[in-house]
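Engineer: below: sequence and its predicted model.
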Amino acid sequence: MSILSIREILESDSIVSGYKGSEKTREMVEKQIKQIYSEKEVKRYDPYKTFTFSKWNSLGYRPIKGSKALQTVAYLEKKNKKGEVINTYPKKINLFYYKAVEPITS
């Protein structure tokens, strides 16, 4: 099985993350990218192309040993049987930037 290159993944319109458009999430991740990589990388950052461990894994990649996950928070809703929201709670999400992953070779 051949895997797509990082460039192919980043340029693909069909491979996207679960990002829902939250400016707060974008700001949190941009700040971490600036700290870990550079201001130049913040300009390249696309929240729709920054994936979780499992998504990268499904694409044939894994985090590079020693790389750091970018952390953010998603707010999930708990609904009752009628579909009414009864609670909202935070869930920590670990994301990996394309520079923090490598192809799985074995």
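Structural biologist: Cool, got the structure.
Engineer: for the protein, what's the longest strand?
Structural biologist: When the chain is scanned for its longest strand (criterion: DSSP state E), the result is strand 85-96.
Engineer: how about the helix or strand following that one: buried residues?
Structural biologist: Scanning forward in sequence from strand 85-96 by DSSP states H and E, the next helix or strand is strand 101-103. For strand 101-103, burial by neighbour count (16 or more other C-beta atoms under 10 Å) applies to V101. Heads up, the C-betas are built off the backbone N, CA and C, glycines and all.
Engineer: so what touches strand 101-103?
Structural biologist: Identification of contacts with strand 101-103 by C-beta atoms under 8 Å, 6 or more residues apart in numbering yields 3, 6, 56, 60-64, 67.
Engineer: could I have the buried ones of the residues you listed as PyMOL selection syntax?
Structural biologist: This is the PyMOL syntax for the buried subset of the contacts of strand 101-103, where burial follows 16+ other C-beta under 10 Å:
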select buried, resi 6+56+60+61+62+63
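Engineer: and which of the contacts of strand 101-103 is nearest to R44?
Structural biologist: Taking C-beta to C-beta as the measure, R44 lies nearest I6 of those, at 11.9 Å.
Engineer: sorry, back to before: pick out whichever of the contacts of strand 101-103 sits closest to V85.
Structural biologist: W56 (31.2 Å).
Engineer: just the mean pLDDT for the helix or strand hosting the closest one, thanks.
Structural biologist: Here W56, judged by DSSP H and E, is contained in helix 53-58. Averaged over helix 53-58, pLDDT sits at 96.
Engineer: which residues does it contact?
Structural biologist: Residues outside helix 53-58 that contact it (C-beta under 8 Å, 6+ apart): 17, 62-63, 69, 94, 96, 101, 104.
Engineer: now the residues you listed as JSON lines including distance to I36?
Structural biologist: Listed next are those as JSON lines, based on distance: C-beta to C-beta, whole Å:
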{"residue": "S17", "distance to I36": "18"}
{"residue": "R62", "distance to I36": "18"}
{"residue": "P63", "distance to I36": "13"}
{"residue": "A69", "distance to I36": "10"}
{"residue": "N94", "distance to I36": "14"}
{"residue": "F96", "distance to I36": "11"}
{"residue": "V101", "distance to I36": "13"}
{"residue": "I104", "distance to I36": "22"}
